[in-house]
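Engineer: no FASTA, just this:
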């Protein structure tokens, strides 16, 4: 890693078509359900890989697995 000022800065990649969600008002089930609804809207034929990024909370992981199994 270069120290500050040792090299010119190169622009990093720019995310396209990303979708993020979080809530302190809704429970995990509703937030994860909304994420799956958005994924199905974007990829109704399930042609692309779907990725869910969570912080390691076992409850969230279990909810994601449950929702995925429910939807096939």
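Structural biologist: The structure has been received and is ready for your questions. Values in this document were obtained by computation on a predicted structure and should not be read as measured data. Numbers count the residues shown, from 1 in each chain.
Engineer: How much space separates the residue nearest to residue 71 when sequence neighbours are not counted from residue 52?
Structural biologist: When the adjacent residues along the chain are set aside, residue 71 lies closest to residue 36, with 6.1 Å between them (CB to CB, 6 or more residues apart in numbering). In this view, the C-beta of every residue, glycine as well, is placed from N, C-alpha and C. If you measure residue 36 against residue 52 using CB to CB, to the nearest Å, the figure is 9 Å.
Engineer: Same check on residue 25?
Structural biologist: As judged by CB to CB, residue 25 and residue 52 stand 20 Å apart.
Engineer: Could you do residue 43 as well?
Structural biologist: 13 Å.
Engineer: out of the two, which sits in the busier spot?
Structural biologist: residue 52 (15 against 12; other CB atoms under 10 Å).
Engineer: Centroid-nearest residue for the chain?
Structural biologist: Among the residues of the chain, the smallest C-alpha distance to the mean C-alpha position (CA atoms, centre = their mean) belongs to residue 52, namely 4.0 Å.
Engineer: Identify the residues contacting that residue.
Structural biologist: The neighbours of residue 52, taking CB atoms under 8 Å, 6 or more residues apart in numbering as the test, are 32, 35, 64.
Engineer: If we ignore the residues flanking it in sequence, what's nearest the second one?
Structural biologist: In this case it means residue 35. In space, and not counting its chain neighbours, residue 35 is closest to residue 21: 5.8 Å by CB to CB, 6+ apart.
Engineer: hang on, isn't the one you found packed against residue 34?
Structural biologist: Yes: Residue 21 is within contact range of residue 34, at 6.2 Å (criterion: CB atoms under 8 Å).
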